[in-house]
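**Student:** Generate coordinates for the sequence data below:
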Amino acid sequence: MAILERWEPVIGLEVHAQLATNTKMFCRCKREYGASPNVHTCPVCLGYPGALPVLNQQAVEFAMIMGLAVDCTVRGLSRFARKNYFYPDLPKGYQISQYDEPICEHGKLTFLLDDGASKTVGITRIHMEEDAGKNIHGDGNESYVDYNRCGTPLIEIVSEPDIRSPEEAHKYLERLKQTLEYTGVSDADMEKGNLRCDANISIRPRGAAKLGTRTEMKNLNSFRGVERGLMYEIRRQIKLLENGAEVEQCTLSWDDHAGETRLMRSKEEAHDYRYFPEPDLVPLIIPDSQVQAIEAALPELPSAIEERFSKQYGLNPDDIRILTRTRELAGYCEQVIGAGANPADAAQWLQGEVMRVLNEERENITEFTMEPEQLAGLIDLVATGSINRNTAKTVFDRMLEEGLSALEIVTRDDLGQVSDAESIEQAVRMVLENNPVELERYLRGESKLFGFFMGRVMAGTRGKGDPQTVKSALQRILAEMHPGA
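**Tutor:** Numbering: from 1, shown residues only. Here you go, the predicted structure:
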């Protein structure tokens, strides 16, 4: 865009990720999405007087895992604070969070852009906090509050202002979501509210060092929404500055349906929340031995798996990006390869027929019923020439329906590939004899009819003819009929 040749966006993201714990942050209430309103509540998460919070140990461990996964330092001492504000979904009138002493700080996240370039974004901090409830507004003047979500464990991941475009923001969020899922600390499902994003945006003349006035944008609830919202706000700020006006510091809400922002309030500063130490929780002390144990147990992270898929299996970057999107898909792919399938063939089948079924059935790979060994067996039959690719697709569908192996279906249904030259030649001559009009047109120069003959021969062999053998025989016999064709 021409305007971005003159102006440079400066973007920082604040990502809230719900932790995949069994219970809430400071009480034993169950953490469950989609439950009936207000069934998972207690005096602690509802803020009754005298009810004291007890810290969820699993939430602390999950926060440490994510911090170490993005190269943060885990602080040996961190504290909780009260963030004071009043809203109907916050029954205590304050949120237990962390302020100046977060559990993790000074990390980074590296990812690839579409052009293959590597980008690194600094992570300022990761801190723990509890979620608020959920406001539900009716059609009239009535509003309701569901407190089930109140007290759900969160980590807030705050980036440095290192992002320079909406596209970079999208890629950053994709990698962050992927890392959350690979480590198992969060379901990271934006549709369920497991992952929510706020963005801080400012612009400055390209090449300038001084930062512009920033605005904060909330309600960015999809990756597409993040890109659209950021681009809208960048254009809005540029238009203001180029018309001689000023950008006012404020908080905006993104309306994805209308494709525009709405003013929520003037931007708060930290002092507006009157942070002070949480008196009901002691400081959190984490020994080095615990940090070392968690670091040693970290799973293989996305960047490491991508590098290994490239070096070990020789797959291209586009295949790797798709096949490592989730840890489960990457694991399934490795099992198929481990069962004997050629890596490139395994990648092709996974991105083709397997993805087709998953998309049609709205499933993920963990629900896919074909065992990796079964898919490897099918791939092997194609690789050895026992069946052709078209027949293999038919066998694939029957395998899903019946649960049998590829070899069992091919043997039972007589689907083995016909590749002997004599049988193929007979099939070719029969097709040419039965289609004299088309043959005459081909010999007069309509070369596109070659595909017509190929299709008829393949149909005549019930799809079992080896396509390359059929093509060679057809070319040879037509050449004999008309040497110059």
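**Student:** low-scoring stretches of the stretch 151-300 of the chain, by residue?
**Tutor:** Residue ranges of the stretch 151-300 of the chain with pLDDT under 70: 267-271.
**Student:** could you pull out the strands for it?
**Tutor:** For the stretch 151-300 of the chain, the strands defined by DSSP state E, counting those that start in this stretch occupy 153-159, 195-205, 215-220, 250-255, 260-266, 276-277, 284-285.
**Student:** winner for burial among those?
**Tutor:** Highest mean neighbour count of those: strand 153-159, a mean of 24 (counted as mean count of other C-beta atoms under 10 Å). Where C-beta positions appear, they are placed from N, C-alpha and C, glycine not excepted.
**Student:** So what touches that one?
**Tutor:** Contact partners of strand 153-159, identified using C-beta atoms under 8 Å, 6 or more residues apart in numbering, comprise 12-19, 21, 24-25, 31, 56, 59, 62-63, 66, 70, 97, 109, 121-131, 172, 176, 185-186.
**Student:** got the angle for that strand vs strand 195-205?
**Tutor:** For strand 153-159 against strand 195-205, the angle by axes from the mean of the first three to the mean of the last three C-alpha atoms, to 10 degrees is 20 degrees.
**Student:** roughly how far apart are residue 404 and residue 358?
**Tutor:** Residue 404 sits 21 Å away from residue 358, going by C-beta to C-beta, to the nearest Å.
**Student:** In helices, which of the contacts of strand 153-159 fall?
**Tutor:** Within the contacts of strand 153-159, residues falling in helices by DSSP state H are 59, 62-63, 66, 172, 176.
**Student:** could those be laid out in CSV, adding neighbour count and distance to residue 154?
**Tutor:** CSV is the format used below for these (neighbours: other C-beta atoms under 10 Å; distance: C-beta to C-beta, whole Å):
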residue, neighbour count, distance to residue 154
59, 24, 9
62, 24, 10
63, 29, 9
66, 26, 11
172, 24, 19
176, 25, 14
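**Student:** so where's the stretch 1-150 of the chain uncertain?
**Tutor:** By pLDDT under 70, the low-scoring segments of the stretch 1-150 of the chain are 1-3.
**Student:** Rebuild the strands of the stretch 151-300 of the chain as TSV, extending it with distance to residue 344.
**Tutor:** Listed next are the strands of the stretch 151-300 of the chain as TSV, based on distance: least, C-beta to C-beta, whole Å:
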stretch	distance to residue 344
strand 153-159	36
strand 195-205	33
strand 215-220	38
strand 250-255	42
strand 260-266	46
strand 276-277	58
strand 284-285	49
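**Student:** Nearest approach to residue 431 belongs to which of the ones you listed?
**Tutor:** strand 195-205 (57.2 Å; C-beta to C-beta).
**Student:** any idea of the angle that closest one forms with strand 215-220?
**Tutor:** Strand 195-205 and strand 215-220 meet at an angle of 150 degrees, taking the same axes, to 10 degrees as the criterion.
**Student:** so what strands line up beside strand 195-205?
**Tutor:** Next to strand 195-205 in the sheet, as set by DSSP bridges, lie strand 7-18 (antiparallel), strand 215-220 (antiparallel).
**Student:** how about the ones you listed, which one is nearest residue 241?
**Tutor:** Using C-beta to C-beta, the nearest of these to residue 241 is strand 7-18, at 7.9 Å.
**Student:** mind listing the helices for the stretch 301-450 of the chain?
**Tutor:** Secondary structure of the stretch 301-450 of the chain (DSSP state H, counting those that start in this stretch): helices at 302-313, 317-323, 327-338, 343-349, 355-361, 372-383, 389-402, 406-412, 421-434, 436-443, 449-460.
**Student:** Which one of the ones you listed lies nearest to residue 200?
**Tutor:** Of all the helices of the stretch 301-450 of the chain, it is helix 302-313 that lies closest to residue 200, at 25.4 Å by C-beta to C-beta.
**Student:** which other helices and strands contact the closest one?
**Tutor:** Contacts defined by 3 or more C-beta pairs under 8 Å, 6 or more residues apart in numbering; DSSP states H and E place helix 302-313 against helix 166-183, helix 317-323, helix 327-338.
**Student:** do that again at 10 Å, thanks
**Tutor:** strand 104-112, helix 166-183, helix 317-323, helix 327-338, helix 343-349 (3 or more C-beta pairs under 10 Å, 6 or more residues apart in numbering; DSSP states H and E).
**Student:** any chance of the helices of the stretch 301-450 of the chain in TSV, plus mean neighbour count and distance to residue 480?
**Tutor:** Below are the helices of the stretch 301-450 of the chain laid out as TSV (neighbours: other C-beta atoms under 10 Å; distance: least, C-beta to C-beta, whole Å):
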stretch	mean neighbour count	distance to residue 480
helix 302-313	16	44
helix 317-323	17	42
helix 327-338	20	44
helix 343-349	20	35
helix 355-361	12	41
helix 372-383	20	31
helix 389-402	17	27
helix 406-412	18	34
helix 421-434	16	11
helix 436-443	14	11
helix 449-460	16	14
